[in-house]
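**Student:** All I have is the shape, not the residue letters:
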């Protein structure tokens, strides 16, 4: 069965490009253009991975992250933070909260980001098998 | 208070080495002054001998060095402050430019690597994305250049007779599709149709456009935006009133600051440079007018400016 990825990102350009690439890689991609919808979809759809931007309308990425971590049913979903904020305090805060990877958009090509997401999913799968 | 007396801590703030840091140099110069005074004292006692003249001499040498010292360190500090602001400025600007640039790069990455053949509609959609993001970068650069020109004083404004009402009519037409799409009723209320001001028509239009654009942008899920033009004493007022998200009290004093964007604004619309109102204030002040606003969180905001009235004829 195809792995389900939830992409919470308000830039339509990234929804189309990153979402499109992931779909071509064989993933099922759910899109949310703001934090509120993202949080709701994460809780109802239980995706295998969440890609989360930090600056989002309605509810910012940190709030969404916090709420996912507080909810029993979404706590274990791996979260990859994808943003352009690269201040050290943001990186530290998010990693402390349990993000799997912190990616600064401008530092990668689309292909590299897709690669990182596949790696994160693979290592998560390995971890759950070893349990 | 003690913080500010600790030279090492305040030097760290500016990110300069200790020998370039005003606070530290102040301490050093202070020591030099004390030594100089002691030497002056002994020289004077040895050569002159009259205690009144000796003490006067010592005091004036001390006062002179202190004043000089104060002037020098003050200007140092101002320069350090400016340089700190400049690097913050660069940080914010590069961040703002990065977002649309990433959008363009990722879209191009996708288009060159995808196996799918885009339909005609999809092609148009991707072209729209590319165009919109390059426009965003262009707008930001235009705004930055405007700010830089205002700051360096190289910003000539012409003064012509302008009817704010005519400009407002034009803006109503321009914003019609946007306001309908946002479910907002746009109204123009003019008390006196003969009002004329002296202003630069292009720049005053940009300020008015910024007010109207903000009012529509930050009104959630529909409402009313009222544009009013009226006279009070010797000034013509232009006012835009919305029932949008408003500005929290603690953020109100920052609203005209460069790059500032309210948390409420960010929640509604993540895009935006935080330069529009900053530029608006500079332009209105340069035209001899005043600018201001009143706002209640979650109730709405009213932004206004006024310019001196010009007798028609």
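**Tutor:** Now that the structure is in, tell me what you want to look at. Worth saying up front: this structure is predicted, and the values here are computed from it rather than measured.

**Student:** Would you agree residue B:169 is in contact with residue B:193?
**Tutor:** No. Under the criterion of CB atoms under 8 Å, residue B:169 makes no contact with residue B:193, lying 10.9 Å away. Heads up, the C-betas are built off the backbone N, CA and C, glycines and all.

**Student:** higher neighbour count, those two?
**Tutor:** Ranked by neighbour count (other CB atoms under 10 Å in any protein chain shown), residue B:169 and residue B:193 place residue B:169 first, with 14 against 9.

**Student:** so residue A:104 makes contact with residue A:81?
**Tutor:** No. With contact defined as CB under 8 Å, residue A:104 and residue A:81 do not form a contacting pair (9.4 Å).

**Student:** Look at those two and report which has more neighbours.
**Tutor:** Higher neighbour count among residue A:104 and residue A:81: residue A:81, with 24 against 16, using other CB under 10 Å.

**Student:** ok but the more buried one is inside a strand, no?
**Tutor:** Yes. When DSSP: H, G, I helix; E, B strand; the rest coil is applied, residue A:81 is found to be in a strand.

**Student:** bridging residues for it?
**Tutor:** Counting by DSSP bridges, residue A:81 is bridged to residue A:52, residue A:102.

**Student:** State the distance from it to residue A:49.
**Tutor:** For residue A:81, the distance to residue A:49 (CB to CB, to the nearest Å) stands at 12 Å.

**Student:** got it, and residue B:308?
**Tutor:** Counting by CB to CB, the gap from residue B:308 to residue A:49 is 61 Å.

**Student:** out of those two, which sits in the busier spot?
**Tutor:** Between residue B:308 and residue A:49, counting by other CB under 10 Å, residue A:49 is the more crowded of the two (21 against 15).

**Student:** In contact with that one: list those residues for me.
**Tutor:** Taking CB atoms under 8 Å, 6 or more residues apart in numbering or on different chains, we find residue A:49 in contact with A:3, A:4, A:5, A:6, A:77, A:78, A:79, A:80, A:117, A:120, A:121, A:124.

**Student:** the helices in the chain, which residues?
**Tutor:** Just going to use chain A. With DSSP state H as the criterion, chain A has helices at A:12-24, A:35-45, A:61-70, A:88-96, A:110-130.

**Student:** actually chain B
**Tutor:** For chain B, helices defined by DSSP H occupy the ranges B:2-5, B:7-14, B:22-47, B:51-113, B:120-152, B:164-181, B:201-217, B:263-268, B:276-286.

**Student:** Relative to chain A, which of those helices is closest?
**Tutor:** Among those, the nearest to chain A by CB to the nearest CB is helix B:51-113 (3.6 Å).

**Student:** Just name whatever secondary elements the closest one is in contact with.
**Tutor:** For helix B:51-113, the packing partners by 3 or more CB pairs under 8 Å, 6 or more residues apart in numbering or on different chains; DSSP states H and E come out as helix A:12-24, helix A:110-130, helix B:7-14, helix B:22-47, helix B:120-152.

**Student:** So what's the gap between that helix and the chain middle?
**Tutor:** Averaged C-alpha coordinates place helix B:51-113 at 17 Å from its chain's average position (CA atoms, centre = their mean, to the nearest Å).

**Student:** Redo the helices and strands packed on helix B:51-113 as JSON lines? Include distance to residue B:72 and mean neighbour count.
**Tutor:** Converted to JSON lines, the helices and strands packed on helix B:51-113 look like this (distance: least, CB to CB, whole Å; neighbours: other CB atoms under 10 Å in any protein chain shown):
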{"stretch": "helix A:12-24", "distance to residue B:72": "52", "mean neighbour count": "21"}
{"stretch": "helix A:110-130", "distance to residue B:72": "52", "mean neighbour count": "14"}
{"stretch": "helix B:7-14", "distance to residue B:72": "15", "mean neighbour count": "15"}
{"stretch": "helix B:22-47", "distance to residue B:72": "8", "mean neighbour count": "14"}
{"stretch": "helix B:120-152", "distance to residue B:72": "25", "mean neighbour count": "14"}
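
**Student:** Right, I'll call it a day here.
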